[in-house]
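Chemist: could you look at this predicted model? Sequence included:
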Amino acid sequence: MTTDATASSEEALLSQSSTRSGDVADSRLSPQLARAVRALAARGAVLLRNEDQTLPLQASEPVALLGRVQKDWIAVGYGSGGDVNAPYVTNLLDCLREQGVAVDSELAALYEQWCQANPVDPGTEWGKWPLSFPEMELADDVVAAAAQRARTAVVVIGRAAGEDRESVLEPGSYYLQDAERRLLEQAVRSFERTVAVVVTGNVMDLAWAEELGVDALLLAWCGGMEGGRAIADVLTGAAEPGGRLTDTIARTYEDYPSAGHFGDPEANEYTEDVFVGYRYFETFAPEAVLYPFGFGLGYSQHEITGEGVELTEDGACVAVTAVNTGDLPSSTVVQVYVAKPGGGLSQPVRELAGFGRTEQLAPGEGEEQVIDVPWRDMASYDDSGVTGHRFAWVLPAGTYTFYVGSDVRSAQAAGSVEVEETLVVEQLEQAAAPAADHPFERLARQEDESGTIVRGSEPVPVSEVDLRERILSRLPQALTPAQGEGEPAVRFEDVQAGRASLQDFVVSLSPKDLSCLAYGDVTMDSPLGAKGNAGALGGVTQELRALGVPPSITTDGPSGIRLAATASLLPCGTALASTWDPEAVEEMAALHGEEMAALGSDILLSPGMNIHRDPLCGRSFEYYSEDPLLTGLMGSAVVSGVQSTGRAACPKHFAANNQETNRIFNDSRVSERALREIYLRGFEIVVTEAAPKVLMTSYNKVNGVWAHYHYDLVTTILRREWGYEGLVITDWWMRMAQDPTFPALRDSAYRVRAGVDVLMPGGDKHFSTVRDDAIMDSYGQEEGITLGEMQATAAHVLRFLVS
Ligand code: BGC
């Protein structure tokens, strides 16, 4: 094995790396953050195959690199989640050389010349970026000659993810290009050992690795500016590949439960219901799994043993030990799954209930982890009343069995707890359920005569809510002044300094000023903030600023601060989640918060928290997992880290933004149970664990209603049930529409009644510099927007500015 670069040489290397754009010498970027990016990119890399310990590479052993992505490395996806002005990006070829690996120079020279002569076309049109890059063909004798000089080939395959478009079921996207397949075949034929490194934002077909007999398969993800260096660390053994899959990888795309109901431009019925990802595969189709959820190899082995399950006041507590039984120091992830009784509800055979990453354990060393599983993480939501408790989180009576291990499939039973009688954990009310005019059937777990689990179906319960009555009975009342008559006028600085109450300031505002707080500063790249920002909110008019209300500046996003200035490029969301290491992610996010302060970003439009429902979704790279608990804990880590520096994070896109095709019109039709257990659960965790200051709605409709007009999502569930007190903003621009429940309302008036505070960036359509007038137009009309509603909205904005 070669040795690791020291911290100081890393700093020196930061300034020599292959520069893509920007100012390398920007002193606002911290080498400490670059080091964290490097460590996390290695920790998130998932080793899926490693026959005969092909990896790590042996010290001083010559290696032949094949595939252009060795040089044209894919550091991140395209679109708002990737468009960061990175100071540099690393690539595998340079970094292996940097670490002293004897890279075959003849092949390397061929690739360097070819890549220079055939530069990657990054695509200039939004959403029309490349999905992969054309590959260079190698003659058989060239490969055979290289195999005389090196025993091991490393073949690098790359896939680019991106916003506003999906991956497609074609060569060069989900499938291998013919030229890539030929390279792999040539490598396997000629070299003693072949390593495939897949650099991708989204999951692609990986069945070829087994089929072609590739010895080692490393899923490198997109690791940001330090990705190339991190993967060099992993290949040389300077770092262990620490990643565990956050999604099931199926044998074929058609095996995914969403496959028949994904990509329709108008609407998709989520017929798989709660059976998303491993919940489906482990229950109904275990044979369709290539690599199970939670799986990933390290350079050592661990024995993971359950040490007992106990009941606590708040739930269950599972004790687990992990012992390093291999020869190298290594850390592992202990995973706890639960099998729950149904009480009439269709339950997956296993659900993730908790996990913990061990320290780096020396060979022979063990560590005990105690995983607490609160009742709420074991509960199910009954949307039909089958348990006798409709619209409640329930614990059906019966045995809750816990499994511990290193992935969902191999986890072993560790003990159980009994629930004597069905318990109601939380009684709620029906909200956001599918509309009665769009009924559909969902997958249900049934058993045949032999007791084998089979696929059944049942109708999805539809909405019975009188939304009009619900909203009218809960309209916010107008505020009254807390201070006495004749007191001096309140300025916002007084509120910030604690000399006056927020309520008094809100009461003092005119309806016009109140309404202005409900819009951003109209366009992206607001002149109120640093060049290239995503927009401003708060003090967006002269009048508001004259009262002391400051503007607050938003920037994308999950992989780094998107500004004209240079900013650190982080590992993509899936790479971060694959670390299963929320503590380390939180530390990195805190360093990122400091960079926000240095660059002039107040609100980071991150984390992306939508569920990986289907592997073709173009933005999966920004998101974390098919599992809501893992999603919620990773999102909480990012929010806590960023907000520990006084900046704000903004989880997005709330909710069920699971495809990019026609994303601004598409309707996600999903049962209330699947919404609450899968698609909203991550957001619920982040709200209750990390209290994000801002939250962004999604573009799509949820059960027929655009998320930015969705009263039940934003007011009933987010604010009333989860107690969210922060600011809610739209995704960038919204669809103008009349409120079907209150025809006097349209556009922003419809939005404010739903509880969505600020239209971002503020214009009435894409790139418009004009705001809609709907709030002021409806104010004073019968059933129009009330003073209380405007004040409540303004108070959310102003409370955020004080925080
Ligand atoms: C994306 C958001 C992003 C916003 C601002 C939208 O197109 O969906 O995720 O934060 O643009 O750039």
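Modeler: Noted; the coordinates are in hand.

Chemist: for the residue of the stretch 351-500 of the chain found nearest the ligand, give me its contacts.
Modeler: The stretch 351-500 of the chain approaches the ligand most closely through residue 432 (20.6 Å), counting by Cβ to the nearest ligand atom. Placement of C-beta: from N, CA and C, glycine included. Contact analysis of residue 432 by Cβ atoms under 8 Å, 6 or more residues apart in numbering lists 672, 675, 702-703, 710, 712-713, 716-717.

Chemist: most neighbours, which of those residues?
Modeler: Using other Cβ atoms under 10 Å as the neighbour test, the contacts of residue 432 are led by residue 713, with 29 neighbours.

Chemist: list the contacts of that residue.
Modeler: 431-432, 654-655, 680, 697, 702, 705, 707.

Chemist: just the ones in strands from the residues you listed, please.
Modeler: In this view, those that belong to strands under DSSP state E are 702, 705.

Chemist: and of the contacts of residue 713, the nearest to the ligand?
Modeler: Relative to the ligand, and with distances defined as Cβ to the nearest ligand atom, the nearest of the contacts of residue 713 is residue 697, at 10.4 Å.

Chemist: who does the closest one bridge with?
Modeler: residue 654 (DSSP bridges).

Chemist: what's the distance between it and residue 550?
Modeler: 24 Å (Cβ to Cβ, to the nearest Å).

Chemist: higher neighbour count, those two?
Modeler: residue 697 (29 against 16).

Chemist: per-residue confidence for that one?
Modeler: At residue 697, the predicted lDDT confidence score is 98.

Chemist: I'd say it and residue 729 touch.
Modeler: Yes - using Cβ atoms under 8 Å, residue 697 is in contact with residue 729, at 7.4 Å.

Chemist: okay, and the common contacts of these two?
Modeler: By Cβ under 8 Å, 6+ apart, residue 697 and residue 729 have these common neighbours: residue 756.

Chemist: quick one: name the residues of the stretch 701-803 of the chain near the ligand.
Modeler: Residues of the stretch 701-803 of the chain lying close to the ligand by Cβ under 6 Å from any ligand atom are 731-732.

Chemist: any idea how far residue 159 lies from the ligand?
Modeler: 20 Å (Cβ to the nearest ligand atom, to the nearest Å).

Chemist: tell me the contacts of the residue in the stretch 401-550 of the chain that the ligand sits nearest to?
Modeler: Among the residues of the stretch 401-550 of the chain, residue 534 lies closest to the ligand, at 4.6 Å counting by Cβ to the nearest ligand atom. By Cβ under 8 Å, 6+ apart, the contact set of residue 534 is 80, 524, 554-556, 562, 605, 732, 760-761.

Chemist: please name the nearest non-neighbouring residue to the residue of the stretch 351-500 of the chain closest to the ligand.
Modeler: Computed as Cβ to Cβ, 6 or more residues apart in numbering, the closest residue to residue 432 that is not its neighbour in sequence is residue 712, at 4.2 Å.

Chemist: assumed the one you found was part of a helix.
Modeler: Yes - the assignment for residue 712 is a helix, going by DSSP: H, G, I helix; E, B strand; the rest coil.

Chemist: any idea how far it is from residue 428?
Modeler: 11 Å.

Chemist: what's the answer for residue 705, then?
Modeler: 19 Å.

Chemist: quick one: mean pLDDT for stretch 425-436?
Modeler: For stretch 425-436, the per-residue pLDDT averages 98.

Chemist: endpoints of it, how far apart?
Modeler: Stretch 425-436 has an end-to-end distance of 28 Å (Cα to Cα, to the nearest Å).

Chemist: stretch 383-392 now?
Modeler: For stretch 383-392, the end-to-end distance is 7 Å (Cα to Cα).

Chemist: got the buried residues for it?
Modeler: Judged by neighbour count (16 or more other Cβ atoms under 10 Å), stretch 383-392 contains these buried residues: 383-384, 386-387, 389-392.

Chemist: strands - which of those land there?
Modeler: Reading strands off these with DSSP E, I get residue 392.

Chemist: which ones are touching residue 142?
Modeler: 107, 110.

Chemist: roughly how far does it sit from the ligand?
Modeler: 44 Å.

Chemist: backbone dihedrals for that residue, please?
Modeler: Main-chain dihedrals, residue 142, degrees, to the nearest 10: phi -70, psi -40.

Chemist: where's the residue nearest to the spatial centre of the chain relative to residue 664, distance?
Modeler: Centroid check for the chain by Cα atoms, centre = their mean gives residue 623 as the closest residue, at 2.1 Å. Separation of residue 623 from residue 664 (Cβ to Cβ) stands at 18 Å.

Chemist: for the nearest residue to residue 787 once chain neighbours are set aside, pull up the helix or strand it's in.
Modeler: In this structure, residue 787 finds its nearest non-sequential neighbour in residue 478, 4.4 Å apart by Cβ to Cβ, 6+ apart. Using DSSP states H and E, residue 478 falls within no helix or strand.

Chemist: swap in residue 791?
Modeler: Going by DSSP H and E, residue 791 is in helix 787-802.

Chemist: got a list of contacts for that helix?
Modeler: Taking Cβ under 8 Å, 6+ apart as the rule, helix 787-802 contacts 475-479, 492, 495-496, 502-503, 505-507, 509, 511, 513-515, 517-518, 537-539, 549-550, 552, 648, 693-694, 725-728, 752-753, 757-758, 775, 779.

Chemist: switch the cut-off to 7 Å
Modeler: 475-479, 495-496, 502, 505-506, 509, 511, 514-515, 517-518, 537-538, 549-550, 552, 693-694, 726-727, 752-753, 757-758, 775 (Cβ atoms under 7 Å, 6 or more residues apart in numbering).

Chemist: from those, which ones fall inside strands?
Modeler: 537-538, 552, 694, 727.

Chemist: which of those residues sit farthest apart?
Modeler: Using Cβ to Cβ, the two most remote members of the ones in strands among the contacts of helix 787-802 are 538 and 694, lying 11.2 Å apart.

Chemist: buried residues, the lengthiest helix in the chain. List them.
Modeler: What stands out as the longest helix in the chain, according to DSSP state H, is helix 582-599. Using 16+ other Cβ under 10 Å as the test for burial, helix 582-599 gives 582, 584-596, 598-599.

Chemist: now swap in stretch 51-66 and tell me
Modeler: 54-58, 62-66.

Chemist: the one helix or strand in the chain whose mean pLDDT sits lowest: what's the following helix or strand?
Modeler: Counting by mean pLDDT, DSSP states H and E, the chain has its least confident helix or strand at helix 7-14, which shows a mean of 36. On the C-terminal side of helix 7-14, the nearest following helix or strand under DSSP H and E is helix 31-43.

Chemist: what's the following helix or strand after that next one?
Modeler: Taking DSSP H and E, what comes next after helix 31-43 is strand 46-50.

Chemist: can you show me the CA trace of that following strand as PDB?
Modeler: The C-alpha trace of strand 46-50 is given here as PDB (Å, rounded to 0.1, in the frame of the first residue of the first chain):
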ATOM      1  CA  VAL A  46     -19.100   1.900  -1.700                       C
ATOM      2  CA  LEU A  47     -17.000  -1.200  -2.500                       C
ATOM      3  CA  LEU A  48     -19.500  -3.700  -4.000                       C
ATOM      4  CA  ARG A  49     -17.200  -6.400  -5.100                       C
ATOM      5  CA  ASN A  50     -13.600  -7.300  -4.100                       C
END
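
Chemist: what about the nearest residue to residue 531 once chain neighbours are set aside, distance to the ligand?
Modeler: Nearest non-adjacent residue to residue 531, counting by Cβ to Cβ, 6+ apart: residue 564, 3.9 Å away. Residue 564 is 14 Å from the ligand, where distance means Cβ to the nearest ligand atom.

Chemist: same question for residue 300.
Modeler: Counting by Cβ to the nearest ligand atom, the gap from residue 300 to the ligand is 39 Å.
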